[in-house]
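In: Prediction below, plus the sequence it came from.
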Amino acid sequence: MNNPLTILGIAGSLRKGSYNRAALRTAQQLVPDGARIEAFDLDGIPGFNQDEEAHPPAKVTQLKARIRAADAVLLVTPEYNYSIPGVLKNAIDWASRPYGDSAWDGKPVAIMGVSVGFAGTARAQYHLRQVFVFLNMFPLNQPEVMIANAAERFDAQGNLTDENSKKLIRRLLEALVRWTQHHERGRQAASA
Ligand SMILES: Cc1cc2nc3c(=O)[nH]c(=O)nc-3n(C[C@H](O)[C@H](O)[C@H](O)COP(=O)(O)O)c2cc1C
């Protein structure tokens with residue numbers, strides 16, 4: 001385990017004024033002592049092509065290395081058409097290949113998300129949880145951070161101002177740190 005414990009934060013939006021990118025920046029400020037969140041930007045990752053999975057584009061190689069070097073992952077997802085945005089699913093698919101060389105295997109992961117609608121990305125988050133089953137990732141169950149009605153919770157500069165949302169993000173990060181430590185202890189016990 002890294003010291004400080006390292007969480008790789010990935011937002012599933014490329015939009016400059018993205019609420020989810022802003023929420024990831026907020027999470028970086030709220031992370032508990034002894035941990036840090038490094039952000040990885042998905043901009044520049046091409047559409048997945050299985051012909052290239054053995055020799056992927058440089059950005060995908062970087063993504064896989066950053067996932068492997070991290071102790072845990074934090075996915076900050078928008079919801080598109082009741083599901084995972086293509087840009088995030090595409091990155092997940094690239095980093096899961098070739099078969100047998102997935103960077104996600106065994107990683108503790110937490111999810112949060114922001115939408116302008118009332119459901120706060122719930123449907124996208126549950127689709128992600130289904131994907132984690134095949135990837136053999138270890139999702140944190142609670143707290144669920146589903147930030148709805150984004151326009152009311154961010155200021156004009158795109159900063160998350162809603163105190164309840166910030167409290168929830170802080171609790172999520174504290175729980176992710178404990179969850180990651182728990183897995184690390186299990187891994188060490190299994191290899192002793
Ligand atoms: C293609 C598309 C599909 C969307 N589908 C949903 C949806 O299913 N549920 C929802 O709450 N918002 C939906 N939205 C609105 C998003 O919540 C909103 O665009 C949000 O700002 C996206 O996150 P971002 O600000 O991080 O880019 C959709 C937006 C787009 C562009």
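Out: Thanks, I have the structure now.
In: Need the single longest helix in the protein, by residues.
Out: Determined from DSSP state H, the single longest helix within the chain is helix 163-191.
In: near the ligand, which residues of the chain?
Out: With CB under 6 Å from any ligand atom as the criterion, the chain comes near the ligand at residues 13, 15, 18-20, 78-82, 115-117, 119. C-betas here are computed from N, CA, C, even on glycine.
In: What subset of those is buried?
Out: Neighbour counting with 16 or more other CB atoms under 10 Å marks 13, 18-20, 78-80, 115 as buried within these.
In: For the residue minimising distance to the centre of the chain, what are phi and psi?
Out: Note on the chain: the residue nearest the mean C-alpha position is residue 75, at 1.4 Å, using CA atoms, centre = their mean. Phi and psi for residue 75, reported as degrees, to the nearest 10, are phi -100, psi 130.
In: ok, it touching residue 107?
Out: No: at 10.6 Å, residue 75 and residue 107 do not qualify as touching, with contact defined as CB atoms under 8 Å.
In: Can you show me the strands along this structure?
Out: Per DSSP state E, the chain carries strands over the ranges 5-11, 35-40, 72-76, 108-114, 138-139, 145-147.
In: Would you mind saying which of these lies nearest residue 127?
Out: Proximity to residue 127 (CB to CB) singles out strand 108-114 among the strands of the chain, at 10.3 Å.
In: tell me the angle of the closest one relative to strand 5-11?
Out: Here strand 108-114 points in a direction 40 degrees away from that of strand 5-11 (axes from the mean of the first three to the mean of the last three CA atoms, to 10 degrees).
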